[in-house]
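1. Need a 3D model of the following:
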Amino acid sequence: MRTALVLLLAIALCPVACATYREDLNRGQRMYEENQYEHALALWRDLEDDSDSLSFNDQARYAYLRGMTDYRLGFRADSRHWLAIAKATEQAHVGGLSGEWKERMEQSLTDLNKDVYGGTDRFDDSNSRAVEYGKAAPGDGDGAVDAGSSSGSGSGSGSEMRLPPSQRARCRSNADCKTGEICDGKSCTTL
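-> Numbers count the residues shown, from 1 in each chain. The predicted structure is shown next:
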């Protein structure tokens with residue numbers, strides 16, 4: 001009898017609790033819209049543990065508002081996290097965000113992703129400035145040599161050490177030199 005009463009009480013209070021969460025969401029949105037970001041963030045943090053009790057549309061709205069609040073306050077990593085959740089929730093359950101919010105979310109995510117991926121929009125070889133160790137950079141006149149190759153004659157150890165510095169293998173790092181050599185002043189030198 002007692003467990004049945006507790007169960008009925010829990011069922012009766014569930015809509016009240018869900019309504020309270022929605023009221024907190026609406027109050028936080030009002031604070032966000034009034035530029036009271038610190039107060040809104042306090043509500044978002046309090047609501048975070050219970051956000052799964054909201055409907056999917058309200059979860060998308062919560063994640064968007066939380067992300068944009070963090071964005072306004074300069075918490076860029078947190079903002080990126082919450083805006084990504086808002087985007088994923090909105091894609092799975094359409095209808096939580098307005099068109100204007102979706103557009104603002106995409107612009108903000110593009111800006112925030114530059115922190116992680118850098119500022120370039122293209123990742124193909126045509127704009128690449130990276131130089132693979134052991135290979136000369138495009139247009140690099142000093143010609144770094146492939147690792148293990150030698151520009152001098154002779155195959156014994158220390159043969160390059162006997163060459164003048166201008167004829168030794170050129171290097172940028174120790175990886176460009178043979179085993180037993182180090183890169184010293186852009187020339188491979190025997191240890």
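
2. going forward, measure contacts between C-alpha atoms and count neighbours the same way
-> Will do.

3. and this protein, what are its domains?
-> 14-117, 136-191 (automatic domain parsing).

4. mind giving me TSV with those and columns for mean pLDDT, mean neighbour count and distance to R2?
-> Written out in TSV, the entries for the domains of the chain read as follows (pLDDT from 0 to 100; neighbours: other Cα atoms under 10 Å; distance: least, Cα to Cα, whole Å):
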stretch	mean pLDDT	mean neighbour count	distance to R2
domain 14-117	92	18	19
domain 136-191	60	16	75
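
5. Which stretches in the protein count as strands?
-> Under the criterion DSSP state E, the chain carries strands at the ranges 181-184, 187-190.

6. So for D49, which of those sits nearest?
-> Between D49 and the strands of the chain, the tightest spacing by Cα to Cα is seen for strand 181-184, at 55.2 Å.

7. Output that closest one as PDB, restricted to C-alpha atoms.
-> Once side chains and other backbone atoms are set aside, the C-alpha atoms of strand 181-184 remain, and they are given as PDB (Å, rounded to 0.1, in the frame of the first residue of the first chain):
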ATOM      1  CA  GLU A 181      75.000  11.600 -37.100                       C
ATOM      2  CA  ILE A 182      73.200  14.700 -35.800                       C
ATOM      3  CA  CYS A 183      72.000  17.800 -37.600                       C
ATOM      4  CA  ASP A 184      74.300  20.600 -36.500                       C
END
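
8. List the strands paired with that strand, with their directions.
-> The strands beside strand 181-184 in its sheet (DSSP bridges) come out as strand 187-190 (antiparallel).

9. From what I see, A60 and G96 are in contact.
-> Yes: the pair A60 / G96 is scored as a contact, 5.6 Å apart, by Cα atoms under 8 Å.

10. Name the residues contacting each of these two.
-> By the contact definition Cα atoms under 8 Å, 6 or more residues apart in numbering, A60 and G96 are jointly contacted by E90.

11. picking up where we left off before, of the strands of the chain, which is nearest D52?
-> D52 lies closest to strand 181-184 among those, at 57.5 Å (Cα to Cα).

12. Contacts for the closest one, please.
-> With contacts defined as Cα under 8 Å, 6+ apart, strand 181-184 is touched by C171, R172, S173, N174, D176, C177, C188, T189, T190, L191.

13. Now for R30: which residues touch it?
-> Going by Cα under 8 Å, 6+ apart, the list of residues near R30 is empty.

14. Report the separation between it and H39.
-> In this structure, R30 lies at 10 Å from H39, with Cα to Cα, to the nearest Å as the measure.

15. L41 reaches R66, doesn't it?
-> Yes: in this structure, L41 is within contact of R66 by Cα under 8 Å, at 6.9 Å.

16. Let me know whether H39 touches Q29 as I believe.
-> No: using Cα under 8 Å, H39 is not in contact with Q29; the gap is 10.4 Å.

17. So which residues of the chain form helices?
-> 2-33, 37-47, 56-73, 76-92, 99-117 (DSSP state H).
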